[in-house]
Every structure is written in C-alpha cells, then in structure tokens.
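>>> Next one to model:
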Amino acid sequence: MLEDKNQEKTTLESLGEFGLIDHLTKDFPINHESTIKGIGDDAAVLDFKDKKTIVTTDLLVEGVHFDLSYMPLKHLGYKAVMVNLSDIYAMNAKATQITVSIAVSNRFPLEALEELYEGIALAAKVHKVDVVGGDTTSSRTGMLISITALGEAVSEEIVYRSGAKPNDLLVVTGDLGGAYMGFQVLEREKEVFKVNPNSQPDLEPYSYIVERQLKPEARQDIVALLKSLDVHPTSMIDISDGLSSEILHLCKNSNVGCNLYEDKIPLDPTVISSCEEFKLDSTLVALSGGEDYELLFTIDQKEFPKIKGNPNLTVVGHTTDMNEGAFLISRNNSKIPLTAQGWNSFAKA
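A predicted model of the protein is given here:
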C-alpha cells in the first residue's frame, strides 16, 4: 500500500531528523491559552493555572496494534490520537495538548508520513487539541507511534475508577463489539486477497463496523453531555479492552461487586448480523472484543431520571457489595462469573 510507482517519493534521509520534524509539524495551530510554547524549543511550556493536569500515553506498534495491509495511514494517525484522548475523557476532563513520537524504517517515504500526520492533524482539529512536541527516530522493526495526551479539569470534576459505591448504576455509552467485528471482516478480506490479489472486497455491508475499527471516535461529547444533564459519575473508565475487563477494573478499584445484565448490553444490528455470519456469540464479542473506545461509568441511582431515555447512554447493570462478586446475568437469568478475557498484547498469536 506504500508503493506508488507512478510518483517520485522523497526519502527521509534527504530531509534529516530536524528537517522532517519541521516539515511534518509546520502547520499545527495553537488553540489553547494554556499552550505558552509549543513545537520549536527543547520542551513545550504549558500553564494550567488553578486547574489539575491530566496526562496519559499510549504506544502503538506495527504488527501488534495495527496492520498496514488494510489500515490507511491517515486513519492510523487519527486512531492513534483517539486512543489517548479517550483516556482523558474517561477522567471527565478536557483534552488540551498532545505530543507525537514516531519510529519508522526507511521503507516509508516522506509522503507516507505526510498521510499519517494528516490523520493526526484532523484528529487535533476535530477535538481542538494542540500538537506541542514529540520525537522522530529510525526503526528496524516497522512503525511505532507513541502519543502523550494532556488535559485539564478542576479538582472536584475529575472522576477516578475508585469512586463507585454499592447499588450505583452501571452505564455505557454508544454500542459495543463493532470494532472487534470490523477487525474480523478486515482479517478475512486480507486472507482472501492473499489467495487472489485481483479480488475486490465489498465492505459496504460492513461499513459501520469497519469504521469502528479503522477510525474510532473518542467520546468527547459525553463529558459535555453529563455536565449539561447535571450528572455526576462516581467512577469512570474507557472501554478499550472489552466491557468485562473494564467492569472488573472498576470493581477492583472501587471495592465493589456487580451484576451486568446480558439483555441490556447495547449492540448495533450490524454487530449482531456479522456475529451470526462469523458464528460468534455477540455477548462474548461485546464483553471481550475491545477497541470500542466508549465510556463505562457509574452513577447514584437518584440520578437515573436525568439519563432515562437518552440515546447515548444505556444502563447495563448495577454495583453490589464486594463480597457478592461480579456476575453476568444471562437472558435465562443464570448468574455467570465475569472474567477478563479482553485484549492482551503479550498473548501469543
């Protein structure tokens, strides 16, 4: 996907490290007063005054987290930013700045990195964050992308994983399982292409779930929505590794148990139909698939009227006393212990 014999490519060697940095970062605007100095010095200078600073970082590795045989570089740049911003929003905070570091081999021409940075720039524009620094270096093992995101929030509005109390409601945003099923479709089409390079996949029936995999959207809107509804989450986490893993994280950090109801888990019709096609259980996909980048949070039951009927939010269960354990309540009312079977980057392929 990186070769185009009809166009002359610019080698990274011809620019050098600092020339490459200047070229890729020359057009990033500054949006926040807290950004005193961005790219162009030894370090960025930020001033958050009386607000707390939120910091998170993620590393994406080619062959582990993404496959360039079907992941367009522009989408990869966008997704790499979303992965980090999702963690900021999971703290109920406002994202303000990011730094971007990449390591690439000489198989990538300048034009390929321009595509990557187009996606990064689009994500920064959509979510109104400043790109304030980073690093570039060479790699002998493919592409690596490391993004650090910063955010701000007043102390009393920050939401941790540790604040849930027994009898709080478990709430999720959006729908689940789409990213994993999009991955299944893309992997299948990749294998078909290996057998017949002339085949053209028809991804139109799967457009929703493929986009959920290639171009996820961090839920910036939920932070503003909860504020407008005057809803105060007691705990929150983003759903990157599957619903079951994230619920268990909340339970562990908050010292509570939970009951999660299978028939309440929100599933898009495309997820249900594709699960039938791939002979996969849709509940298991939602529980363990990962990469949905939705938010899971808890609220006091008294706040339920504020979210009732909101199309962005679904109550999927409630917390219990820690001694009661964490369970999935199946459609036939059986209690099944929740287990963390989500994404593990160290698992053998």
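>>> Could I get the buried residue list for stretch 122-141?
122-124, 127, 129-134, 136, 139 (16 or more other C-beta atoms under 10 Å). C-beta coordinates here come from the backbone N, C-alpha and C atoms, glycine included.
>>> Would you check which pair of the residues you listed lies furthest apart?
Largest separation among the buried residues of stretch 122-141 by C-beta to C-beta: His127 and Ser139, giving 27.2 Å.
>>> Now tabulate the buried residues of stretch 122-141 in JSON lines and tack on pLDDT, secondary structure and distance to Ser34.
Formatted as JSON lines, the buried residues of stretch 122-141 follow (pLDDT from 0 to 100; DSSP: H, G, I helix; E, B strand; the rest coil; distance: C-beta to C-beta, whole Å):
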{"residue": "Leu122", "pLDDT": "97", "secondary structure": "helix", "distance to Ser34": "22"}
{"residue": "Ala123", "pLDDT": "98", "secondary structure": "helix", "distance to Ser34": "19"}
{"residue": "Ala124", "pLDDT": "97", "secondary structure": "helix", "distance to Ser34": "15"}
{"residue": "His127", "pLDDT": "97", "secondary structure": "coil", "distance to Ser34": "15"}
{"residue": "Val129", "pLDDT": "97", "secondary structure": "coil", "distance to Ser34": "11"}
{"residue": "Asp130", "pLDDT": "94", "secondary structure": "strand", "distance to Ser34": "8"}
{"residue": "Val131", "pLDDT": "94", "secondary structure": "strand", "distance to Ser34": "14"}
{"residue": "Val132", "pLDDT": "90", "secondary structure": "strand", "distance to Ser34": "10"}
{"residue": "Gly133", "pLDDT": "88", "secondary structure": "strand", "distance to Ser34": "14"}
{"residue": "Gly134", "pLDDT": "89", "secondary structure": "strand", "distance to Ser34": "18"}
{"residue": "Thr136", "pLDDT": "89", "secondary structure": "strand", "distance to Ser34": "25"}
{"residue": "Ser139", "pLDDT": "91", "secondary structure": "coil", "distance to Ser34": "32"}
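>>> Between these, which sits nearest Gln341?
Closest to Gln341, out of all of the buried residues of stretch 122-141 and judged by C-beta to C-beta, is Ala123, at 29.6 Å.
>>> For the nearest residue to Tyr70 once chain neighbours are set aside, list the residues it contacts.
With sequence-adjacent residues excluded and distances taken as C-beta to C-beta, 6 or more residues apart in numbering, Tyr70 is closest to Leu186, at 4.8 Å. Residues in contact with Leu186 (C-beta atoms under 8 Å, 6 or more residues apart in numbering) are 67, 70, 210, 213-214.
>>> Leu186 in helix, strand or coil?
helix (DSSP: H, G, I helix; E, B strand; the rest coil).
>>> cool, the one 3 residues further on as well?
Of the three states, Glu189 takes helix according to three-state DSSP.
>>> Distance-wise, check the residue nearest to it when sequence neighbours are not counted relative to Phe193.
Sequence neighbours aside, Pro201 is the residue nearest to Glu189 in space, at 4.1 Å (criterion: C-beta to C-beta, 6+ apart). Plainly put, Pro201 is 7 Å away from Phe193 if you go by C-beta to C-beta, to the nearest Å.
>>> related to what we said a few turns ago, looking at neighbours, which among the contacts of Leu186 is most surrounded?
Greatest neighbour count in the contacts of Leu186, by other C-beta atoms under 10 Å, goes to Gln213: 26 neighbours.
>>> State the helix or strand in which that residue lies.
helix 207-214 (DSSP states H and E).
>>> Alpha carbons only: can I get that helix in PDB?
Coordinates of each C-alpha in helix 207-214 appear next as PDB, following Å, rounded to 0.1, in the frame of the first residue of the first chain:
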ATOM      1  CA  SER A 207     -19.100   0.000   6.700                       C
ATOM      2  CA  TYR A 208     -20.200   0.800  10.300                       C
ATOM      3  CA  ILE A 209     -18.100  -1.900  12.000                       C
ATOM      4  CA  VAL A 210     -15.100  -1.400   9.700                       C
ATOM      5  CA  GLU A 211     -15.100   2.300  10.600                       C
ATOM      6  CA  ARG A 212     -15.400   1.400  14.300                       C
ATOM      7  CA  GLN A 213     -12.100  -0.500  13.800                       C
ATOM      8  CA  LEU A 214     -10.200   1.800  11.500                       C
END
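>>> next one: stretch 96-112 to chain centre, how far?
19 Å (C-alpha atoms, centre = their mean, to the nearest Å).
>>> Could you do stretch 193-208 as well?
Distance, centroid of stretch 193-208 to centroid of chain: 25 Å (C-alpha atoms, centre = their mean).
>>> Give me the buried stretch members for it, please.
Buried-residue list, stretch 193-208, by 16+ other C-beta under 10 Å: 206, 208.
>>> start to end distance for that stretch?
End-to-end distance of stretch 193-208 (C-alpha to C-alpha, to the nearest Å): 21 Å.
>>> got the contact list for it?
Outside stretch 193-208, the residues touching it (C-beta under 8 Å, 6+ apart) are 69, 178, 181-182, 185, 189, 192, 210, 268, 270, 274.
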